[in-house]
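Visitor: coordinates only, sequence not included:
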C-alpha cells in the first residue's frame with residue numbers, strides 16, 4: 001500500500017517562510033524546492049531505491065511518503081533524543097520554527113506509519129507490519145566533495161506481534177545481506193559491527209567491501225520497546241535500518257564529487273549508472289580565495305558554511321579552515337580570528353577569475369553583515 005501523509009501545519013509554515021526575508025528562511029525554501037533525486041528515474045539514486053524495493057524480503061512492504069517539515073517533539077523526544085542531545089542543536093538542524101524542523105532522518109516515518117488509520121486497524125487485527133520510506137533529508141554540514149546539506153535516505157521497518165515470533169539480529173542480518181547483494185551483486189562481502197542509536201537496541205552498522213575497501217553502508221537494529229510505546233504500540237517486536245543513498249552511489253560509480261549527482265551536463269548525466277566507473281569529462285582547474293575575519297566566540301562554522309553555499313552554490317568545492325586563534329590584546333575579549341580557504345571549481349566549465357571575484361566579494365560583504373565580522 002502507498003501511504004502519503006499531509007500536514008496542514010507544513011503548508012502553513014512554508015507560507016510563513018515565504019513571508020520572511022532572512023537568509024535562513026530563503027535557504028530552507030530553496031532546499032525544499034530542490035528535486036527529490038530518489039524519485040527522478042534517470043538518477044542513480046532512483047535505481048538504488050528500485051533495487052532495494054525489489055529485494056525479496058521486502059516485497060509487499062508498504063511505502064510511505066512523509067512531510068519534509070516535521071515537529072521537533074516527534075523527531076527528537078519520541079525517538080529518545082532529549083533536550084541537550086547533539087542532533088537537536090541549531091548548528092546541525094534547520095529550525096523552521098521552534099517547534100518544527102526540516103526532517104533530519106527518515107526514521108521519523110515510524111511515527112506517521114504506526115499512527116495511520118489503516119495501519120492501526122492492522123494492529124488491532126494482530127497483523128505483521130512492513131514499511132519503506134525514502135526521500136530528501138536536511139542537515140547542516142561542512143563543505144567538501146563528500147557532503148551536502150540536502151541529501152537522500154532510505155529506511156525500512158518490520159514489526160511482528162510478540163505472540164507470533166521473536167525477531168532476532170540474525171533475521172535482520174539476513175535481510176540486509178540480501179539488500180546488499182541486490183544492489184552490488186551476489187558476490188559482495190559484508191560484515192557487521194556494534195553501534196549505538198537512540199531508537200534501536202541492540203544496534204549495528206553494516207559495512208560492505210568495494211574495490212578492496214570496507215565502506216559503511218547503513219545503520220540498523222531492533223526497535224526499542226520504549227520508543228514503540230511512545231507511538232502507542234506495544235506487543236510488537238522487529239527490525240529497522242536506514243542508509244544514505246549518496247554514499248552508495250558515490251562508491252558504486254567511484255564519483256570524485258557529490259555535486260555530480262545533481263549535474264545537468266549530458267556528458268556527466270549519461271555516465272551516472274550504478275556500477276559504471278565515472279570518467280572525468282574534463283578536470284577544470286580550481287580557483288582559491290582566502291578570507292580572514294574576527295568574530296565573537298559564539299560563531300558557528302556550520303552556519304557560515306550555509307552562507308557560502310547560499311552565494312557560491314555548486315561552484316564551491318570545498319571550504320578549509322586554515323587558521324584559528326585568539327589574541328585578547330589584539331582582538332579584544334571573547335573574539336576569535338578565523339581564516340578559511342574557499343576552493344571554487346565547476347564540474348562543467350572553466351571558471352573565470354572575475355566570476356569568482358564577484359562571488360568572493362559578496363561572501364566578504366555578507367560575512368560582515370550577517371556575522372558581525374571584522375574582515376582582516
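Guide: Good, I have the coordinates. Worth saying up front: this structure is predicted, and the values here are computed from it rather than measured. Residues are numbered from 1 along each chain as shown.

Visitor: so what's residue 238 up against?
Guide: 129, 157-160, 167, 222-223 (CB atoms under 8 Å, 6 or more residues apart in numbering). (Each C-beta comes from the backbone N, C-alpha and C, glycine too.)

Visitor: just confirm residue 68 contacts residue 136, I think it does.
Guide: Yes - if you go by CB atoms under 8 Å, residue 68 and residue 136 touch, sitting 6.6 Å apart.

Visitor: in the chain, which segments are predicted with low confidence?
Guide: Along the chain, the model assigns pLDDT under 70 to residues 282.

Visitor: how about a cut-off of 80?
Guide: 211, 281-283 (pLDDT under 80).

Visitor: three-state assignment of the residue of the chain positioned farthest from its centre?
Guide: Note on the chain: the largest C-alpha distance from the chain mean falls to residue 329, namely 41.8 Å (CA atoms, centre = their mean). Secondary structure for residue 329, judged by DSSP: H, G, I helix; E, B strand; the rest coil, is helix.

Visitor: and the gap between it and residue 335?
Guide: 11 Å (CB to CB, to the nearest Å).

Visitor: for the protein, what spans make up the strands?
Guide: Taking DSSP state E as the test, the strands found in the chain are 2-4, 62-65, 69-71, 100-102, 129-138, 150-161, 190-197, 200-210, 213-223, 236-244, 287-296, 316-325, 335-344, 374-375.

Visitor: show me what the longest helix along the chain is packed up against.
Guide: Ranked by residue count, the top helix of the chain under DSSP state H comes out as helix 353-371. Where contact means 3 or more CB pairs under 8 Å, 6 or more residues apart in numbering; DSSP states H and E, helix 353-371 is packed against strand 287-296, helix 301-312, strand 335-344, strand 374-375.

Visitor: can you list contacts of it?
Guide: Residues from elsewhere that reach helix 353-371 (CB under 8 Å, 6+ apart): 23, 287, 289, 291, 293, 295, 299, 303-304, 307-308, 310-312, 315, 342, 344, 373-375.

Visitor: that helix: which residues count as buried?
Guide: Within helix 353-371, the residues that count as buried by 16 or more other CB atoms under 10 Å are 356, 359-360, 363, 366-367, 370-371.

Visitor: which members of those residues are the farthest-apart pair?
Guide: Greatest spacing in the buried residues of helix 353-371, by CB to CB: 356 and 371 (21.2 Å).

Visitor: can you give the domain ranges for the chain?
Guide: Domain assignment for the chain by automatic domain parsing gives 2-253, 287-375.

Visitor: and the last one, how far apart are its ends?
Guide: In this case it means domain 287-375. 21 Å (CA to CA, to the nearest Å).

Visitor: no further questions, thank you.
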